[in-house]
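Student: heads up, no residue letters with this:
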Ligand SMILES: Cc1cn([C@H]2C[C@H](O)[C@@H](COP(=O)(O)OP(=O)(O)OP(=O)(O)O)O2)c(=O)[nH]c1=O
């Protein structure tokens, strides 16, 4: 595989978590936000759905910028143990229903990402993390919703915030739950875009 050199990438995401994670890795990037409609098609499974969303976010930016730069986009959803796709809650009642369905159960968090250059997809992946919640009381759920944390997050919780105490077990990538499976993304950026983190550069 030939490495194509690039100075920086475009992160096609409004997610503060994705921004923080790339910043912490020392990846040079700037943000252009993609605004697409996120809605599952009839009978579309979770894997296909996150991958399509991620792809559509990247395409929206490639079209706007006509850029030679690499565009990285991602999408994160929760899939319950009875196969329901959970995205961001629309209101507190919706958040409560989601958290009640996650309480005492194991769900999957799927993050899909896509790397584009010259309007072409170079690599796309969906990474899965299994998360088990302990049983939550309704009072605890109500108190958590009052913090406001659920509202910009798939499944109505943030593993990195006050919901960390809800988690009994996690199998797979922690950063994947936060919106970007960082170790795999960094490998792909090195291999496909020639862009390295601080530690990769110094090794
Ligand atoms: C489950 C979970 C999700 N999330 C977040 C990650 C994502 O930002 C968000 C899911 O929404 P997304 O639609 O994937 O992303 P976004 O709307 O924040 O940003 P953009 O579409 O512009 O890329 O949920 C957490 O921060 N912590 C968690 O534990």
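Tutor: Yep, it's here. Here the structure is a predicted model, which means the values were calculated and not measured.
Student: tell me how far the residue nearest the centre of the chain lies from the ligand.
Tutor: Nearest to the mean C-alpha position of the chain, by Cα atoms, centre = their mean, lies residue 179 at 2.4 Å. Using Cβ to the nearest ligand atom, to the nearest Å, residue 179 is found at 3 Å from the ligand. For glycine as for every other residue, the C-beta is placed from the backbone atoms N, C-alpha and C.
Student: mind listing the helices for the protein?
Tutor: 16-25, 46-65, 92-102, 138-146, 174-177, 182-188, 198-202 (DSSP state H).
Student: got the contact list for the residue of the chain most remote from its centre?
Tutor: Here the centre of the chain is the reference, and by Cα atoms, centre = their mean the most remote residue is residue 139, at 28.5 Å. Taking Cβ atoms under 8 Å, 6 or more residues apart in numbering, we find residue 139 in contact with no residue.
Student: now do it, the pLDDT please.
Tutor: Listed pLDDT for residue 139 reads 98.
Student: state the distance from it to the ligand.
Tutor: From residue 139 to the ligand the distance is 21 Å (Cβ to the nearest ligand atom).
Student: give me the number of residues near the residue lying closest to residue 74 once chain neighbours are set aside?
Tutor: The shortest distance from residue 74 to any non-neighbouring residue, by Cβ to Cβ, 6 or more residues apart in numbering, is to residue 113 (4.1 Å). Look at residue 113: counted by other Cβ atoms under 10 Å, it has 29 neighbours.
Student: contact partners for residue 113?
Tutor: Contacts of residue 113 by Cβ under 8 Å, 6+ apart are 54, 72, 73, 74, 75, 124, 125, 180, 181, 185.
Student: tell me the spacing between it and the ligand.
Tutor: For residue 113, the distance to the ligand - Cβ to the nearest ligand atom - is 10 Å.
Student: same question, residue 187
Tutor: With Cβ to the nearest ligand atom as the criterion, residue 187 and the ligand are 20 Å apart.
Student: cool, and residue 169?
Tutor: 14 Å.
Student: select the helix or strand of this protein having the lowest average pLDDT value.
Tutor: helix 198-202 (a mean of 75; mean pLDDT, DSSP states H and E).
Student: give me the contacts around it.
Tutor: With Cβ under 8 Å, 6+ apart, helix 198-202 has contacts from 25, 26, 186, 190.
Student: from those, which is closest to the ligand?
Tutor: residue 25 (16.6 Å; Cβ to the nearest ligand atom).
Student: and that closest one, what is it in contact with?
Tutor: 182, 186, 197, 198.
Student: would you list those residues in a markdown table and tack on distance to residue 129 and neighbour count?
Tutor: A markdown table is the format used below for the contacts of residue 25 (distance: Cβ to Cβ, whole Å; neighbours: other Cβ atoms under 10 Å):
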| residue | distance to residue 129 | neighbour count |
| --- | --- | --- |
| 182 | 12 | 20 |
| 186 | 17 | 22 |
| 197 | 21 | 17 |
| 198 | 25 | 11 |
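Student: beta partners for residue 75?
Tutor: residue 112 (DSSP bridges).
Student: what's the local residue count around it?
Tutor: Using other Cβ under 10 Å: residue 75 sits among 26 other residues.
Student: for the protein, what's the longest strand?
Tutor: strand 120-133 (DSSP state E).
Student: much appreciated, bye for now.
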